[in-house]
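In: I'd like to go over a predicted model; first the sequence, then the structure.
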Amino acid sequence: MSRAETGNVPVARAETPDAGAGAVRTPSPLWSLGLLRSELLIAFRRWRTLALLGVLAAVPVLVGIAVKIETSDGSSSLGGGGGGGGEGPAFISQISNNGLFLVFTALAATLPFFLPMAVGVVAGDAIAGESSAGTLRYLLVAPAGRTRLLLTKYATVIAFCLAATLVVAVSALAVGALLFPLGDLVTISGTRIGYAEGLGRALLIALVVAASLVGVAALGLFVSTLTGSGIAAMATTVGLLITVQILDQIPQLHALQPYFFSHYWLSFADLMREPVYWDDLVKNLGLQALYAAVFGSAAWARFTSKDITA
């Protein structure tokens, strides 16, 4: 879907036909909000975005059906998941006892690949997609400024991170409520908490998972400023994601692994402990902030100095 087809791009008349000559007029905050609204509408109306969200929503459905089939003989849990590690397998063993655990399992299943891949596709296309479609120069004719446009693009990608995570969580909550009983939860520390508190922790976990993707979003945005091909930017971002995931599993690189953006992703499971373990959670959020600052700055330096020809 092109911008010309949507008709949602707020364009003010420029004082000069040269997009690189600098804006004579300063855009108002309302204009900036209009630009953000336009970017959000365009991003979430694309068939590619809707397809990605559809695939993410389908993961909890498939996991829930698989667990239901496996436990249809009357067994109360899947074998092998006592609750020690707190990651996907430990949560899976509890789904048949409480459907709310499907939320945690679905997030653990999608975070290593599906969620960051979807974010990488959207982030990689943010600038490069405009360039390949020939609309980037058109955007800069309006008095947005390159910094403001880049921030708007990044805000749109962050909004997608949150939306994608909530789609997984809501789908899992609905499927879990439909297929399994609900009630008080037993944490992976062995203590019992009420269902309302469990819902609160599920929401907090979803927010932490969304925050865990801001580093990938910044990396993808930086890659997007390096090329004029949206497909190349998306492929490069996803390729980097897969490479980092592989490197994070090689024991010989243990000294470097704490600096990989994916290393502490599954630390959200510590929110299901009593008391909550905050050490790895804080490290994860700090690492994501560092990646966002480094690659966000690199994207700004690249985008504000490059020649825009399309």
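Out: Now that the structure is in, tell me what you want to look at. Numbering: from 1, shown residues only.
In: now the strands: where do they sit in this structure?
Out: 185-186, 192-193 (DSSP state E).
In: Need the winner for burial among these.
Out: Highest mean neighbour count of the strands of the chain: strand 185-186, a mean of 20 (counted as mean count of other Cβ atoms under 10 Å). Just so you know, the C-beta spots here come from the backbone N, C-alpha and C atoms, and that holds for glycine as well.
In: same for that one, what does it pack against?
Out: strand 192-193, helix 195-211 (3 or more Cβ pairs under 8 Å, 6 or more residues apart in numbering; DSSP states H and E).
In: Identify whichever of these lies nearest to Thr71.
Out: helix 195-211 (20.2 Å; Cβ to Cβ).
In: Okay, buried residues for the closest one please.
Out: Gly198, Arg201, Ala202, Ile205, Ala206, Val208, Val209, Ala210, Ala211 (16 or more other Cβ atoms under 10 Å).
In: wait, which of these is closest to Pro112?
Out: Nearest member of those to Pro112, counting by Cβ to Cβ, is Val209, at 11.1 Å.
In: if I pick that closest one, what's in contact with it?
Out: Leu107, Leu111, Leu115, Thr165, Trp265, Phe268 (Cβ atoms under 8 Å, 6 or more residues apart in numbering).
In: From those, list just the buried residues.
Out: Leu107, Leu111, Leu115, Thr165, Trp265, Phe268.
In: Helices of this structure, start to end?
Out: With helices called from DSSP state H, the chain shows them at 3-6, 29-45, 47-70, 88-95, 101-110, 114-133, 136-141, 146-179, 195-211, 214-226, 230-247, 279-303.
In: Adding distance to Arg273 and mean pLDDT, write the ones you listed out as a markdown table.
Out: As requested, the helices of the chain are arranged in a markdown table below (distance: least, Cβ to Cβ, whole Å; pLDDT from 0 to 100):
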| stretch | distance to Arg273 | mean pLDDT |
| --- | --- | --- |
| helix 3-6 | 46 | 46 |
| helix 29-45 | 35 | 80 |
| helix 47-70 | 22 | 92 |
| helix 88-95 | 11 | 66 |
| helix 101-110 | 12 | 92 |
| helix 114-133 | 22 | 88 |
| helix 136-141 | 47 | 69 |
| helix 146-179 | 19 | 93 |
| helix 195-211 | 10 | 93 |
| helix 214-226 | 24 | 94 |
| helix 230-247 | 25 | 91 |
| helix 279-303 | 10 | 94 |
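In: Any idea which of the ones you listed gets closest to Gln257?
Out: Nearest of the helices of the chain (Cβ to Cβ): helix 230-247, 7.5 Å.
In: Run the angle between the closest one and helix 214-226 for me.
Out: Comparing the axes of helix 230-247 and helix 214-226 via axes from the mean of the first three to the mean of the last three Cα atoms, to 10 degrees yields an angle of 140 degrees.
In: Give the buried residues for helix 230-247.
Out: Those would be Gly230, Ala232, Ala233, Met234, Thr236, Thr237, Val238, Leu240, Leu241, Val244, Gln245, for helix 230-247 by 16+ other Cβ under 10 Å.
In: Now tell me what touches that helix from outside.
Out: 112-113, 116-117, 120-121, 123-125, 127-129, 131-133, 216, 219-220, 223-224, 226-227, 253, 256-257, 260-262.
In: export the strands of the chain to TSV and tack on mean pLDDT and distance to Lys306?
Out: Formatted as TSV, the strands of the chain follow (pLDDT from 0 to 100; distance: least, Cβ to Cβ, whole Å):
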stretch	mean pLDDT	distance to Lys306
strand 185-186	84	51
strand 192-193	88	52
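In: Tabulate the ones you listed (a markdown table), appending distance to Gln249.
Out: Output for these, formatted as a markdown table (distance: least, Cβ to Cβ, whole Å):
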| stretch | distance to Gln249 |
| --- | --- |
| strand 185-186 | 30 |
| strand 192-193 | 33 |
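In: for the ones you listed, which one sits closest to Glu39?
Out: That would be strand 185-186 among these, by Cβ to Cβ, at 38.6 Å.
In: Name the strands paired with the closest one and say parallel or antiparallel.
Out: strand 192-193 (antiparallel) (DSSP bridges).
In: Contacts for the strand it pairs with next, please.
Out: So strand 192-193 is contacted by Asp184, Leu185, Val186, Thr187, Arg201, Glu274 (Cβ under 8 Å, 6+ apart).
In: in the sheet, who's paired with the second one?
Out: Pointing back at Leu185 there. Beta-bridge partners, per DSSP bridges, of Leu185: Ile193.
In: I am assuming it contacts Phe101, so please confirm or correct that.
Out: Yes: between Leu185 and Phe101 there is a contact under Cβ atoms under 8 Å: 7.4 Å.
In: tell me the contacts of Leu179?
Out: Contacts of Leu179 by Cβ under 8 Å, 6+ apart are Gly64, Ile65, Val67, Lys68, Gly99.
In: could you flag which of these are buried?
Out: Buried among the contacts of Leu179 (16+ other Cβ under 10 Å): Gly64, Val67, Gly99.
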